[in-house]
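1. predicted model follows, preceded by the sequence.
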Amino acid sequence: MQGARVLIVRLSALGDLCFALPVLHALHRELPGCRVEWLAEDRCADLPRSHPLVAETLVFPRKQWRGGLGMVPLWRHLRALKRREPYDLILDLQSNLKSALHLRQLRGRKVGFGPPLAREGAARFLDVRAPDPGRVHRSARDLAVLAAAGLRPGVAVFERWELPPEGAADLTLPRSPFVLLHCSVTDYGRDKEWPPERWAELARALRDAGRHPLALWTPADLPGVERIVSAANGALALAPATSSLASLMRLTDEAELLVGTDSGPVHLAAMRGTPVVALFGPTDPVLYAPPGPRAEVIYAGAEFEEPPTRDRSRRSPWMERIPVDQVMGACAKALTARAD
C-alpha cells in the first residue's frame, strides 16, 4: 500500500498512548511513504501532535463535551469525521465505547481486538478482529493488531524525538540538576497511591544525598502535593508549572530522575529516555512496565505474580509493602548509572 492513509485510534490515557508509539514506527517501516493520522482526546493530543511521524492529529473534544457544553461539540466532531475521505487502514487500539462511537463514523478497513479485549460494542464495527495475545506488555498487544492487518509487527521501538520549541515556551527550567517526584494519583487510580509520609521521607533522603527533589503537580492535585511538600520540612519544592504535555516532556527530559507510581508522566519520561523508578502495587508490571531501557520497577508482589483484583476507591495494601529504603536504593543506582 504505497502512500497508504492510516488512522490510529488511541484516544486515552497518556500511558496507553506511549505504549502505542511502536505501532507508529512499525507502520512507517512496513508502509514506506504512508500518511499516519492519530485520533486522540484533547487532554492527550499534544503527544501525537508533537511527533514527526504523525501527519495530522484529530482531536476528540472531551473536555468541552464533559464540561457542560452538551452534545454540540461532540456532534460537530463526529460529523467532521464522517466527511473525511476513506482510510486504507484504521487501527482501533482503544477497544471500548469511545472508540466504537468514532469507528461508526469512519470509513476504511477497520482492525482491532474482538471480545473480551474489546468492550462496550467496539468489535461490532471492525472488519478484522485480532486474537487475544494473552498476558503480554501493552506495547506487544498493540503490535498484535498490526499482525492481524497483515503487517509485520516487529519489536517495540521507543525513540525520543525533537520537541517543537513553541510547545514549551512558557516553561522555566530549574537552574540546578533536579529529581522529579510524581506523588499524586487520579481519583480513578486511588489504589496506586504510595503513602504521603513516605514521599516526604524519600524527599528528605534525596536531599540528604545532595539531590534537589521537586514535586510534579497540576491545579487539580496541588493541595495534596502541597501537604507532602510541607511534610518534607524544606526537602521538597514544587516543580515548575507545566501548562501542556509539551512542557511536561521538556521538563522530564531535563530531570536527572523521575520517581512515581504507574502513571502517564512516568511512562512519558521513560519512553523519552529519562531514568525512572516506578512503584507498582495493584497494577501488573508485566502489562504496564514503563517503556525504554532506563526504567526500574519496584513491585510489591513476587516476580511474575499477578496482583489482586483492583479496588480503585482506596489505597491498595500492596502499595504499603514498598519501603522507602528500597526506593531510595533504586534511586541511588539510577543516578549513579546516569553519571557513568
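-> That came in fine, so what should we check first? What you see is a predicted model; the values in this text were computed from it and never measured.
2. pretty sure R250 belongs to a helix, no?
-> Yes: per DSSP: H, G, I helix; E, B strand; the rest coil, R250 lies within a helix segment.
3. next up, the contacts around it.
-> Going by Cβ atoms under 8 Å, 6 or more residues apart in numbering, R250 touches 163, 167-168, 171, 173. Backbone N, C-alpha and C define where each C-beta goes, glycine included.
4. can you rerun that using 7 Å?
-> Residues in contact with R250 (Cβ atoms under 7 Å, 6 or more residues apart in numbering) are 163, 168, 171.
5. I'd like the distance between the first one and D142.
-> This points to L163. Distance of L163 to D142, computed by Cβ to Cβ, to the nearest Å: 23 Å.
6. who's more crowded, those two?
-> Counted by other Cβ atoms under 10 Å, L163 and D142 do not tie: D142 has more neighbours, with 27 against 18.
7. the more buried one is in what secondary structure piece?
-> helix 138-148 (DSSP states H and E).
8. count the neighbours of the residue nearest to R119 when sequence neighbours are not counted for me.
-> Using Cβ to Cβ, 6 or more residues apart in numbering and skipping the chain neighbours, the partner closest in space to R119 is N96 (4.9 Å). Neighbours of N96 under the rule other Cβ under 10 Å: 16.
9. dump the residue contacts of N96.
-> By Cβ under 7 Å, 6+ apart, the residues touching N96 are 119-120, 122.
10. try L258
-> 180, 182, 252, 266, 269, 274, 276.
11. which positions in stretch 189-197 come out as buried?
-> If you call a residue buried by 16 or more other Cβ atoms under 10 Å, then stretch 189-197 has these buried ones: 189, 191-194, 196.
12. got the residue ranges for the strands in the stretch 151-300 of the chain?
-> In the stretch 151-300 of the chain, the segments counted as strands under DSSP state E, counting those that start in this stretch are 179-182, 213-215, 237-238, 257-261, 276-280, 295-299.
13. show the secondary-structure elements that the last one is packed against.
-> Right, the one you point to is strand 295-299. Contacts defined by 3 or more Cβ pairs under 7 Å, 6 or more residues apart in numbering; DSSP states H and E place strand 295-299 against strand 276-280, helix 324-339.
14. and the contacts of stretch 304-319?
-> Around stretch 304-319, the neighbours that count as contacts under Cβ under 7 Å, 6+ apart are 188-194, 281-284, 286, 300-301.
15. no no, stretch 137-152
-> The contact list for stretch 137-152, computed with Cβ under 7 Å, 6+ apart, reads 16, 19-20, 22-23, 26, 30, 89, 91, 93, 111-113, 128, 130, 133, 153, 156, 286-289, 291.
16. write the ChimeraX selection for whichever of these are buried.
-> Buried residues within these, by 16+ other Cβ under 10 Å, are selected in ChimeraX with:
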select :16,19,20,22,23,26,30,89,91,93,111,112,113,130,133,153,156,286,287,288,289,291
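17. now V59. Nearest residue, chain neighbours left out?
-> Once flanking residues are discounted, V59 sits nearest to A45: 4.7 Å by Cβ to Cβ, 6+ apart.
18. what pLDDT does that neighbour get?
-> According to the prediction, A45 has pLDDT 96.
19. kindly report the same for A168.
-> A168 carries a pLDDT value of 74.
20. surely it meets S243?
-> No: contact between A168 and S243 fails when scored by Cβ atoms under 7 Å: they sit 8.6 Å apart.
21. only the buried residues of the worst-scoring helix or strand of the chain on mean pLDDT, if you could.
-> Here the helix or strand of the chain ranked lowest by mean pLDDT, DSSP states H and E is helix 62-64, holding a mean of 77. In terms of neighbour count (16+ other Cβ under 10 Å), helix 62-64 has its buried residues at 62, 64.
22. now the element after it, going C-ward?
-> With elements assigned by DSSP H and E, the helix or strand that comes after helix 62-64 is helix 72-82.
23. need the strands for the stretch 1-150 of the chain, in chain order.
-> Under the criterion DSSP E, counting those that start in this stretch, the stretch 1-150 of the chain contains strands at 5-9, 35-41, 56-60, 87-92, 108-113, 128-130.
24. pop the domain breakdown of the chain in here.
-> By the assignment in automatic domain parsing, the chain contains the domains 5-148, 173-339.
25. any idea how far the last one is from the chain center?
-> The chain centroid and the centroid of domain 173-339 are separated by 14 Å, computed with Cα atoms, centre = their mean, to the nearest Å.
26. by pLDDT, give me the weakest of the buried residues of stretch 189-197.
-> Minimum pLDDT for the buried residues of stretch 189-197 is recorded at G189 (95).
27. report the contact partners of V297.
-> 278, 280, 285, 289.
28. circling back to that earlier point, could the strands of the stretch 1-150 of the chain go into a markdown table alongside distance to D325 and mean pLDDT?
-> Below are those laid out as a markdown table (distance: least, Cβ to Cβ, whole Å; pLDDT from 0 to 100):
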| stretch | distance to D325 | mean pLDDT |
| --- | --- | --- |
| strand 5-9 | 42 | 98 |
| strand 35-41 | 39 | 98 |
| strand 56-60 | 43 | 97 |
| strand 87-92 | 44 | 98 |
| strand 108-113 | 41 | 98 |
| strand 128-130 | 43 | 97 |
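29. okay, these in TSV with distance to R310 next?
-> Rendered in TSV, the data for those read as follows (distance: least, Cβ to Cβ, whole Å):
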stretch	distance to R310
strand 5-9	25
strand 35-41	22
strand 56-60	26
strand 87-92	24
strand 108-113	21
strand 128-130	25
